[in-house]
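A.B. asks: have a look; sequence and predicted model below, questions after that.
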Amino acid sequence: MSNLATHTATKAIVEKYGFNFTKSLGQNFLVDGNILRKIVDGADIGSDDIVFEIGTGIGTLTSELARRAKKVVAIEIDSRLIPILSETLSEFDNVEIINQDILKVDLPALVREHSPDQKIKVVANLPYYITTPIIMRFLEEGIALSSMVIMIQKEVADRIAAKPSTKAYGSLSVAIQYYADSRIIAKAPKGAFVPPPNVDSSVLRIDVKQDKGVDLMDSDLFFEVVKGSFSKRRKTILNSLSTYGDFEKEIIEKALEASGIDPKRRGETLTILEFASLSNQIYCLRRETPNK
């Protein structure tokens, strides 16, 4: 089908099928061809690539991916869009639509089924209300993933790509950085969508690290330390951690000293390597004092 990334084409197909947008599903369809090209170009899609898309809309991005990729696996929760996709994607034989909830589907099994021998790429205009859970599913569940290029809320993209000692830097920044490198490759104003969302958007590229470069004795503890360190941003890291969860102040003090971290620093100034060192020291100290 002809280019869908215009107000006219999108309006025509939506009206033809009597489709009504569902706000609770975060449905905002891209109608800016320039931004569409930036997404697809930024994903570096080749003829051998297997691409997963989450949230197809009317197939605007899907069709562009299908023109470049070996195969596109598109996961769409809204069954009302399936007949529309049958029309807009009718020229492609390399697209499979899966009418399921991305947060409930057996994602590792789905990836193994469609891409048993190679890593996948994720390219998507993500529903903003479930952006972080989707990203973390792909990063945490052992998916054979090489990269993600995703349209998300600008504020969230800024947080993910943030560096230490900046206002946007937080637990999400560190969590993503543990698994991958990220950078913002494009921005999209509200008017690039129908209906326009309440916020501006950014296109974020996430490249999964082959080697995390961080050795953790206990990854769960690491993420708890990160969350605790940002729990009270105006407090020192010592005070933040000492009043978070079951952390003991005495152990935190010793761990900070052993890691060479000034207890008066704030959590947002620590690098991922410093968080790793701190969590490893806490782990060792707890083993030495089991009652703690």
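C.D. replies: Everything's here; your move. Please read these numbers as outputs of a predicted model, since none were measured by experiment.

A.B. asks: could you export the helix or strand that contains M148 as CSV, CA atoms only?
C.D. replies: Element membership of M148 [criterion: DSSP states H and E] is strand 145-153. Extracted in CSV, the C-alpha atoms of strand 145-153 (Å, rounded to 0.1, in the frame of the first residue of the first chain):
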residue,chain,number,x,y,z
LEU,A,145,18.7,-9.2,21.1
SER,A,146,21.2,-7.0,19.3
SER,A,147,19.5,-3.6,19.4
MET,A,148,16.3,-1.6,19.9
VAL,A,149,15.2,1.5,18.1
ILE,A,150,12.1,2.8,19.8
MET,A,151,9.9,5.9,19.8
ILE,A,152,9.1,6.8,23.4
GLN,A,153,8.2,9.7,25.6
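
A.B. asks: mean confidence for stretch 197-213?
C.D. replies: Taken as a whole, stretch 197-213 has a mean pLDDT of 94.

A.B. asks: distance between the ends of stretch 199-212?
C.D. replies: 33 Å (C-alpha to C-alpha, to the nearest Å).

A.B. asks: how near is the closest residue in space to S24 that isn't next to it in sequence to I82?
C.D. replies: Take S24 and drop its neighbours on the chain: the residue closest to it by C-beta to C-beta, 6 or more residues apart in numbering is Y129, 7.9 Å away. Where you see a C-beta, it was placed from the backbone N, CA and C, and this is true even at glycine. For Y129, the distance to I82 equals 22 Å [C-beta to C-beta, to the nearest Å].

A.B. asks: and T166, by the same measure?
C.D. replies: Distance, T166 to I82, using C-beta to C-beta: 43 Å.

A.B. asks: equivalent analysis for K167, please.
C.D. replies: Counting by C-beta to C-beta, the gap from K167 to I82 is 42 Å.

A.B. asks: where are the low-confidence patches of the protein?
C.D. replies: Along the chain, the model assigns pLDDT under 70 to residues 1-2, 290-292.

A.B. asks: how does it look with 50?
C.D. replies: For the chain, residues meeting the criterion pLDDT under 50 lie at 292.

A.B. asks: how is it divided into domains?
C.D. replies: Following automatic domain parsing, one gets these domains for the chain: 7-208, 219-288.

A.B. asks: what would those domains look like in JSON lines with mean neighbour count?
C.D. replies: Shown next, in JSON lines, are the domains of the chain (neighbours: other C-beta atoms under 10 Å):
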{"stretch": "domain 7-208", "mean neighbour count": "18"}
{"stretch": "domain 219-288", "mean neighbour count": "18"}
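
A.B. asks: what about the helices in the stretch 101-250 of the chain?
C.D. replies: Under the criterion DSSP state H, counting those that start in this stretch, helices of the stretch 101-250 of the chain are mapped to 107-114, 131-140, 154-161, 171-179, 219-229, 237-242, 249-259.

A.B. asks: for those, which one sits closest to G267?
C.D. replies: Among the helices of the stretch 101-250 of the chain, the nearest to G267 by C-beta to C-beta is helix 219-229 (3.2 Å).
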